[in-house]
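Just to be clear, the model below is a prediction. Sequence and coordinates:
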Amino acid sequence: MKAYRKSLLEALHALEAAGIPEGQIVAVSVFTTQSTTSLLERIRDQIKATDAAPADFQLGTGGRRTTFPLDQIASLRWDQQLRSDSPTLSPVNVPLSWLRNIPGAVASVAFGRFVSSNFETPDAIIPPVPTRTGEPAVQRFEDVFFNLYLPSGEKPAGGWSVAIFGHGSGSSKQGGPLGGASMAMAAALAEQGIASIAINAVGHGFGPRGMLTVTTAGGERVTFPAGGRGTDLNGDGVIGNIEGMRTIGANAIVDTRDGFRQTAADLMQLVRVIEAGMDADGDGTFDLDPRCIYYIGQSFGGNYGSDFLAVEPNVRAGVLLVTGGSLPDVSRLTPAARPRIGALLAARVPSLQNSIGITELEGVTTGGARFNQNIPQRNDVALTVRLSNGSEDRIVSPVTNTVAGAMAIQEVLDRMEWVQQSGNCVAYAPHLRKAPLAGVPAKSVLYQFDKGDQTSPNSAESAFLRAGDLADRATFYRNDLAYAEDPSIPKDPHTFPTRIDSTSALMRTIAQGSQEQIATFLASDGVVIIRPEPARFFEVPIVGPLPDALDFIR
């Protein structure tokens with residue numbers, strides 16, 4: 001605060017020196033700026049300047065090649081490392097039914113690894129460097145593991161087109177509790193001649209001692225590393241399903257910023273490895289066409305994927321699914337994520353937790369440490385909340401604040417937004433098409449989102465679309481209409497593009513329609529956008545203004 005006051009005085013003196021008397025100044029504010037894309041562009045330039053070693057597909061014992069025809073895989077087991085203080089692994093069977101959703105579309109599955117430059121320190125921070133002269137320092141080199149799904153049929157002369165898949169928060173290259181599995185979309189892509197490949201984002205896939213075991217139809221068991229990238233960052237012996245992506249302690253305000261940027265760097269390294277040539281089956285020919293690389297990112301995968309797409313010149317088109325806005329904004333409006341913000345506020349000294357906090361957002365209960373930031377939505381849209389004293393409040397602009405502690409909370413949220421800006425997908429959105437970075441072609445983008453998303457709130461998704469001027473590329477799934485027809489469909493539609501495993505036949509059909517639109521778009525090199533079936537549930541593009549209401553189904 002003292003430094004801020006000093007800066008204000010210096011600003012006033014500078015204005016006076018410029019001939020503007022203090023009596024003519026109505027308001028003055030000082031702020032600092034930062035470059036959003038500079039560090040990631042410099043990391044890209046380092047990666048592009050270095051030859052990539054070929055991908056390694058011989059992960060099994062004794063160099064056993066880990067490429068398998070899908071019809072020869074009887075089962076796939078994932079032994080997860082959930083703890084850093086125990087050698088015991090937790091087995092999970094990975095459902096291969098995802099890959100067989102379209103019979104005969106996927107020919108083979110390959111597991112491989114490549115070496116990537118890691119720019120993060122052990123506390124999940126990428127050290128800042130001067131914008132004009134600094135060079136990001138490689139902290140270590142890391143093996144990054146991937147799953148590759150190859151189509152059936154005759155391979156094109158230059159290899160298969162390939163879509164890199166970015167999974168969601170808490171998921172992995174195999175799958176996870178929030179869906180977003182590359183496996184769930186592999187068959188739809190393969191049917192249109194597109195291979196797909198996925199890595200674990202930073203902090204995902206649990207610990208590095210995890211293993212995968214393929215049991216073949218002949219009874220052979222091939223065991224190899226699963227490539228988990230989770231770390232026990234807080235030292236409690238547990239490796240959470242996102243631990244290592246988010247900063248903690250004194251660095252908590254940084255959150256996922258550098259995890260996103262490091263994952264984007266890994267994806268750029270993957271592009272280099274594809275360009276160097278990938279020979280999954282060892283027949284001496286390359287399986288992927290480096291001229292036809294695409295990207296699909298779901299949820300978190302859309303967040304770090306937007307950073308990647310904006311900076312990487314050699315990806316031709318991208319699909320972003322249920323991609324939210326800035327994480328502070330998403331978290332405060334998401335019932336499941338809001339408690340994490342509350343815990344950060346409660347941990348501050350003195351605590352910033354309000355005495356009367358919000359317990360419900362638009363009728364959906366929030367848990368954990370409760371608070372009330374008293375921030376209205378855009379465009380006079382009302383936000384209805386229930387408070388811990390049992391009363392209901394309707395927050396609508398303009399607001400004259402009467403909530404004790406709300407202004408201090410808003411200031412912290414603003415600081416979080418500023419600190420995280422260089423990893424914020426909204427900050428990169430303009431560079432996808434509207435204002436491409438130097439040397440990076442404008443990208444053809446398809447954006448799918450859903451009404452009433454309780455994980456990526458509609459207002460945050462709209463902020464992304466506005467920033468990138470991408471409303472004309474937005475397909476809007478009307479979950480409210482689908483739920484009215486079939487109440488077994490989830491009230492939170494966040495994972496709708498990958499719900500091919502749903503018990504609801506209607507939900508499976510909706511997911512298949514979403515995937516068909518994605519596969520058709522990429523197969524056309526980002527030109528053709530079809531209207532998915534069942535057409536009555538999809539607006540292509542979105543009809544009317546971008547949504548700013550939460551529209552949760554209660």
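Noted; the coordinates are in hand.

quick one, phi psi at the nearest residue to residue 143 once chain neighbours are set aside?
Spatial nearest neighbour of residue 143, excluding adjacent residues (CB to CB, 6 or more residues apart in numbering): residue 113 at 4.9 Å. Just so you know, the C-beta spots here come from the backbone N, C-alpha and C atoms, and that holds for glycine as well. Dihedral pair for residue 113: phi -150, psi 160, per degrees, to the nearest 10.

pLDDT wise, what is residue 113 at?
Predicted confidence (pLDDT) for residue 113: 98.

Can you name the residues that contact it?
By CB atoms under 8 Å, 6 or more residues apart in numbering, residue 113 lies in contact with 55, 56, 59, 143, 144, 145, 146, 225, 227.

The fifth one: what's it in contact with?
When contacts are counted by CB under 8 Å, 6+ apart, residue 144 is found next to 113, 114, 115, 116, 199, 200, 227, 229, 266, 269, 270.

thinking again about what came up before, would you mind listing which of the contacts of residue 113 are buried?
Taking 16 or more other CB atoms under 10 Å as the criterion, what is buried in the contacts of residue 113 is 55, 56, 59, 144, 145, 146, 225, 227.

could you measure the spatially closest residue to residue 389 that is not a sequence neighbour against residue 292, distance?
Counting by CB to CB, 6+ apart, residue 356 is the residue found nearest to residue 389 once chain neighbours are left out, at 5.2 Å. The gap separating residue 356 from residue 292 is 56 Å, by CB to CB, to the nearest Å.

Neighbour count: those two, which is higher?
Higher neighbour count among residue 356 and residue 292: residue 292, with 23 against 17, using other CB atoms under 10 Å.

The more buried one in helix, strand or coil?
Three-state call for residue 292 (DSSP: H, G, I helix; E, B strand; the rest coil): strand.

Secondary structure element for the closest residue to it other than its chain neighbours, which one?
Among residues not flanking residue 292 along the chain, residue 161 sits closest, at 3.8 Å (CB to CB, 6+ apart). Using DSSP states H and E, residue 161 maps to strand 160-166.

now the helix or strand following that strand and strand 160-166, what's the angle there?
Where DSSP H and E defines the elements, the next helix or strand beyond strand 160-166 is helix 182-191. Going by axes from the mean of the first three to the mean of the last three CA atoms, to 10 degrees, helix 182-191 is angled at 160 degrees with respect to strand 160-166.

elements contacting helix 182-191?
strand 106-118, strand 140-151, strand 160-166, strand 194-199, helix 505-523 (3 or more CB pairs under 8 Å, 6 or more residues apart in numbering; DSSP states H and E).

So which residues make contact with it?
94-96, 98-102, 105-107, 147, 149-152, 163, 165, 167, 173-175, 195-198, 296, 497-498, 500-501, 511-512, 515-516, 518-519, 522.

C-alpha coordinates for it, CSV please?
Listed in CSV are the C-alpha atoms of helix 182-191, where the atom choice follows Å, rounded to 0.1, in the frame of the first residue of the first chain:
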residue,chain,number,x,y,z
SER,A,182,-8.8,-38.8,-26.1
MET,A,183,-10.1,-42.3,-26.2
ALA,A,184,-13.7,-41.1,-26.2
MET,A,185,-13.2,-39.2,-29.5
ALA,A,186,-10.6,-41.4,-31.2
ALA,A,187,-13.1,-43.5,-33.2
ALA,A,188,-15.1,-40.6,-34.6
LEU,A,189,-11.8,-39.0,-35.8
ALA,A,190,-10.4,-42.3,-37.1
GLU,A,191,-13.6,-42.9,-39.1
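
tilt between it and helix 505-523?
Per the same axes, to 10 degrees, the angle that helix 182-191 makes with helix 505-523 is 60 degrees.

State the mean pLDDT of helix 182-191.
For helix 182-191, the per-residue pLDDT averages 94.

now stretch 457-468: mean pLDDT?
Averaged across stretch 457-468, pLDDT comes to 97.

How far away from the center of its chain is that stretch?
Relative to its chain's centre, stretch 457-468 lies at 14 Å (CA atoms, centre = their mean, to the nearest Å).
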